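In: Quick one, what's the 3D model for this:
(2 chains)
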Amino acid sequence: MSISGETKVIPEIVKSTMNTSQTRREFLSSASGGFGAIALAGLCSGLQAASDNPLAARNGHHKAKADRVIFLYSTGGTSHIDTFNHRPQLIADHGKSITASRWLNKSGEYTRFLIKPRFAFKQYGQSGTWVSDLFPHVGSVIDDICVLNAMHCESDGHDKATLAAHTGSAQFARPSAGSWVSYGLGTVNQNLPSFMVLAPAAPYAGAQTWSSDFLPACHQGTHVMPGTDPLPNIQPRTRNTDLQQMELALQSRLNQSHLAQRSADQSLDARIRSFETAFGMQREAPEAFDLSKETEETLRLYGLERGATSGFGWQCLVARRLAERGVRFLELIDVGSSGNWDSHGDMGDHVRLANAIDKPIAGLLTDLKQRGMLERTLVVWTTEFGRTPFHEQVNHAGREHHNLCFSSWMAGGGVKGGLVYGQSDEFGILTSEGAVHTHDLHATMLHLLGLDHERLTFRHAGRDFRLTDVHGRVVGEIIS
Amino acid sequence: MNAYAKLWWPCAISCVMTWLLFNGPLCHAQSDEDFFETRVRPLLVKHCQECHGAKKQEGGLRLDSRDAWMRGGDRGEVVIAGEPDKSLLIQAVRHDDPDLQMPPNAEKLTAAEIGDLEAWVQRGASDPRRESTQETSKRLSLDQSKSFWSFQPLQAVVPPQDAEDRWSRNSVDAFVHAQLKKQGLSPVADADRRTLIRRATFDLTGLPPTPEEIEEFLSDESADAFKTLVDRLLDRSTYGERWGRHWLDVARYADTAGDGADYPVREAGKYRNWVINAFNRDQPYDEFVREQLAGDILALNGPPESYADRVTATGFLAIGKRYGYKAAPDYQYLDFGDAIDSVGRSLLGLSLGCARCHDHKYDPISAADYYALYGMMESTQWAFPGGEEQKHPSHFPPLVPPDEVARREKAKAEQLDQLDNEIVVRKRQRSELDPDSLAGGVDLGFEAQQSDKPIGKPWFSAGPIEVTSEAQSPFTHIHPQGKLGVRLGSGQPNEGLRYVFENGLRATPDRQMHFTIDFRSAEESKEQGAFRFYLGRGVVESLAVECSATATEFAIRNGSGWEVIRQLKPGTWYTLRLTIDPTAKTYSGIVGTLEDLTVFQEKQTGPNWDGVVDCFICDGIGHVAGAACARDLDNLGLRETAFGVPGSGPIVPRTVEPDAEQRMAVLDAEIKALTERRQTIATTPLYPVAYGVAEGSPTNSRVQLRGEPDRLSDEIPRRNLELLGGELVPTGSGSGRLELARWITRPTNPLTARVFVNRVWQWHFGKGLVASPSDFGSRGELPTHPELLDWLAGEFIASGWSVKSLHRLIMNSRTYQLASVDNDVNLVADPGNRWHWRYSRRALDAESIRDAMLAVSGRLDRNVPESHPFPAVDTWGFTIHNPFYAVYDSNHRSVYLMVQRNRRHPYLALFDAADPNQSIASRQPTTTPTQALFLMNSPFVHELSEGFARRVSAVPGDEQAKTRWAFETAHGQIPDDGVVRDAIAFVSAYREKLASKDSTGELEIAAWAALARVLLTSNAFLYVD
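Out: From the prediction side, this is the model:
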């Protein structure tokens, strides 16, 4: 199993994982009576076959700066001019009119009124990056963050833009970025899925956002719903584990005897191994999701009450634990397709939504840094689009969808901290320099992971597909 | 930024935007075409076309038509609309690059000329110059493509004759053997009988053979025992459930629409059942295809008993992923894109969808081909499943012929009419008994209201209003002298008073409608605007008559204009009487005081009036703008008999008959019952419908540049793909779908039979002779056995496109009956078994795992289920914020599970069932730990294991007999004694261990259930040799 480039950060975890797996093998073998010898033979062939395992860890195209991704997604469209894109002119010209040639997805000439953010901005950190009062805790770690203030994407519809942010395509079913990363790099811990999604509800477009689509389905995101039963079927249903071990031992003997006459068929071996991993997950995944051993200090960092089984703090802390255990790509979604950042009626909604994620995100970055993991963990925060800096009435309390300019940020994993990259015009209507399209964000993510977005391809339906389709630019300016 | 710059510019704010933000849009004062004609065309002619035109094409580039420059030159694309900086043309004229300076030889354009070209590109590079279509159709790639294997006509192939071939049993084998020999491979031994029956039974029915079936097959010693078995399996209805499911993968079947709100489609299952039945009755494949593309058209001329089936078949087109929030044309270009791409991939093995934005890069499919088919889609009426904006389904085609639809609709209308009449009669009778009911309604004289209060039922009001004795009218020719009237303040224009007549009047020949009201403006009112009286259907849904008054003037609407009838004095009571002739659509009237009446005649009713009057409104929207004056109203009336003339009367109060209350209660009950019956009849569907298509208005579509529906280019006639002949849809023949269906299924089409035969091969062997079953184009895989493919296609057509015959041909080959064992030499030479030296072992798919578990546990419900328990349609309010999502448990076969498009069924998604978002050529089976967790710990597997255990424990005989039966039922094989002993030892050890921990419950069943779980989750169950 090739794990070069990663051993620096999580050697202990990886070692313990491998030990566990061997212990389990030995257990199953020793419990298998007359079939022990065959089971051991299976073990050897299993290790030899590791390179055929589509999830086996492997190197990318070039030296990676990051080993894993934690992708934070805010559903509904977070306003850029109320969070990270400080536009003094917008505040100064509040109430003045402009002519927009697009409104609510229709062309035409519309007189609209500029509306200032209702949240004050402050400069944070050594870098002096402007952040609004919606995100004071994120502000406190801003020197680790590179803000992208000239993001843009091609759709201002929720489901289309959500798919674009995840799969690169606003229209067609395509694999999710996490699936591409899993496909490109595999994963170091075979006891856990390579791509996990922690989300209380599906965003717009549903599970298509973490689908592997035409990529082999082992790369699909494993959706974990916060709550008391985050992983369905993880709990053994037999009355106690030694009974289940008896079952698995008999199953192993039958399978080994079946395999003995069919040894060239690796899918049979893969199935046998999947039970072993599942057995490992039964043991390891609940532990990864068990926050009881986390200190009060850590819980406080994430703003988490002891015993809580949901909330973005829970998602962030579980994400850190899963990252420690080698999960390659983690996506955290804050809310589903209702009650989200889609503040058409009242931008005051942003307060509740920002409160829910501000401290957890800052806690995650701080915790990763304290543990020496931030250096090789790429943390990305994004949303489907921004919101209009203008509206029909001077005092309208809400904002509409705005895909021509919005904000996202990246941290850790080879990204320059304390940087603001990209500018919009004075009002936050259009990008003016350093524009970063969703495709560019994806290209950069892959680049940091050691993958060349133009070479990470999959042949499907007669053509080589990419996460970035025929687009994408690695934003070299933000890479340290 | 340039691409978006033209979208925005500031107005009230100066000096804050760059010149581009100002300049771009301001240029739009001149139309794009004018700009091109006046600034660009002369420039291109003068400086460019000498070398880049018809005579010379330097650098492979022509600039004398839009089509030409869109193709670009040797250096690629020269103009990128909206992006001057990225356009080679602009770079060249700017002389930025020393290697690319145009025009050459220091003839650099002036800054103004360069600016014009930049502006032209910036605004989208509009160019009206087109090449003639003749010229484009001569595309070289089409000619070249004729030699590509899959586009050549089917070859008449004779199976190889090899005297040394002692291996082959039929012609399929002869082809396979010839290739094996050529590759130096020798086939492995034949599969044993147990393996064969398990393989064939799963293959044809998706279920395992029972021990009895195995026994029957094993004991058949005749030479054609396997042939008999195949015939028997093909006769089962479970065959259609298995092979129908294969087709549903290709047809991207789902039970929900796939728009953001993922609306449920109640009728989707009819198409699914049609597919299953089509396989079961061995419907000829060509007919199967024609009905799916044009069943609605075929139905009109076919036998009546096939009508419903044929319309249902068009579900193939309708069933794709939908994008719209409301019915056409909302995002329909994406729906059509899905349909065209699915027709291409599933029937022709062509990626037609690639030609949406540009000519296909590799295959001879032009954008014109795409929009030729697009026209057929646009000429079609599509069932709309419901969406965020229009939440109810619409345009579902009826499953009975049009004349029957008309007959039923007529009968229904008559029934409703009759009920309406019965209700009207009773309401009239009732109003005659009601002392408050006079002049056509209850309380039209306001006497049932409370004084000095806002008005209550049955009136409806908004704004300042008061019931008061001061507003009592002096006239007594309509209502008896009363005490109360109503006073309306000025209020907002849309405020006022409304009355809905229970017994509204509808136009009846030879009957008139009569209306009356008394009114006066408040003497002290200073408002100058008018108030109006509206009469018509509903709240201004259909206007019959409108009158309007200020304090000083009375007007009526005559047709579409206002006409002033007379002057009024503020503070004076007037009475108005109207007589409407609904047949002539005219009305007459009188208005005035007793002493001073003005008559008007033959005025036009509202031009669009539908003949119903059931609503009166008095609001402030009259013939004079401004706030309406305050006014008093009293004594309304509406009925079909004439009212007394002003001055007649006085009307005496109605006497209450002694049994009136009782009789009214009886009538109320009757009215309620009749109304309920009417509601039932009105809402009960008259005929079943399908999720399919019907003919719309024939229209040709225009090419959408880069697939963007608002960037339209040339109109393309509806026609066949050029590759398949290019014939035009004859004028007057409708959408062209029937023609398309015939073009696709004519035997000379090189693709249709080849593609389907290859699919059947793939579904039997796991891999097609062409490994890219939905791509027979130049980017697809080449066939491993081209002659075999053509021979099979020829036999298939010759058999009358019989799919069951094709199964027999393939399954009775020795190739199909090979063992799946390893062979070291062959494994090295051909690890992927391309040449069929063995039968490739296959993993059971999602449906087969679930169905087999249900079957062996005795829990499988083999009936065809009723439709899914979707919520009632009138409760649908799904939005993308609150999408439809449901998982319905059942013990029916998995093909009948509710397939949800956006949020997949958790089990089907976990085990890699087809993603219904697109046509699936082959599933990608995976092996994941989450699947293993399901097999180990899910309630489903545990419940079924218990069911299996109960069957095992009921098997007569000792533990050995039970164990053997369990193995045979689950795996189709009886293991050797050592394994049986091991299993029995396991069961007893398990039982003991369980007893030592927990002596409650059924130990016996629990122990056998443990063995059942092992059997149902082991590889011998999950894979088929």
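In: continuing past the helix-or-strand element of chain A with minimal mean pLDDT, what's the next helix or strand?
Out: In chain A, no helix or strand scores lower on mean pLDDT, DSSP states H and E than helix A:36-48, which sits at a mean of 30. Next helix or strand after helix A:36-48 toward the C-terminus (DSSP states H and E): strand A:68-74.
In: what's near enough to touch A:Phe113?
Out: Neighbour list for A:Phe113: A:95-98, A:390-394, A:396 [criterion: CB atoms under 8 Å, 6 or more residues apart in numbering or on different chains]. Any C-beta I mention is one placed from the backbone N, CA and C, and that applies to glycine too.
In: Redo those residues as JSON lines? Include secondary structure.
Out: Shown next, in JSON lines, are the contacts of A:Phe113 (DSSP: H, G, I helix; E, B strand; the rest coil):
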{"residue": "A:Gly95", "secondary structure": "coil"}
{"residue": "A:Lys96", "secondary structure": "coil"}
{"residue": "A:Ser97", "secondary structure": "strand"}
{"residue": "A:Ile98", "secondary structure": "strand"}
{"residue": "A:Phe390", "secondary structure": "strand"}
{"residue": "A:His391", "secondary structure": "strand"}
{"residue": "A:Glu392", "secondary structure": "coil"}
{"residue": "A:Gln393", "secondary structure": "coil"}
{"residue": "A:Val394", "secondary structure": "coil"}
{"residue": "A:His396", "secondary structure": "coil"}
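In: Report the buried members of these.
Out: A:96-98, A:390-391, A:396 (16 or more other CB atoms under 10 Å in any protein chain shown).
In: wait, which of the residues you listed is closest to B:Thr641?
Out: Of all these, B:Thr641 sits closest to A:His396, with 55.3 Å by CB to CB.
In: Got the phi and psi for that closest one?
Out: Phi and psi for A:His396, reported as degrees, to the nearest 10, are phi -60, psi 140.
In: Tell me how far the nearest residue to it once chain neighbours are set aside lies from chain B.
Out: Closest residue in space to A:His396, ignoring its immediate chain neighbours: A:Ile115 at 6.6 Å, by CB to CB, 6 or more residues apart in numbering or on different chains. Taking CB to the nearest CB, to the nearest Å as the measure, A:Ile115 and chain B are separated by 14 Å.
In: what about stretch B:773-793, distance to the chain center?
Out: 33 Å (CA atoms, centre = their mean, to the nearest Å).
In: Distance across that stretch, terminal residue to terminal residue?
Out: Using CA to CA, to the nearest Å, one end of stretch B:773-793 lies 14 Å from the other.
In: Residue 391: what's it in contact with?
Out: Using chain A here. Applying CB under 8 Å, 6+ apart, the residues contacting A:His391 are A:112-113, A:115, A:398-400.
In: Let me rephrase: I mean chain B.
Out: Neighbouring residues of B:Lys391 by CB under 8 Å, 6+ apart: B:263, B:876-878.
In: For B:Ser451, state which of those residues is nearest.
Out: B:Gly877 (43.8 Å).
In: What sits closest to that closest one if chain neighbours are left out?
Out: B:Lys391 (6.0 Å).
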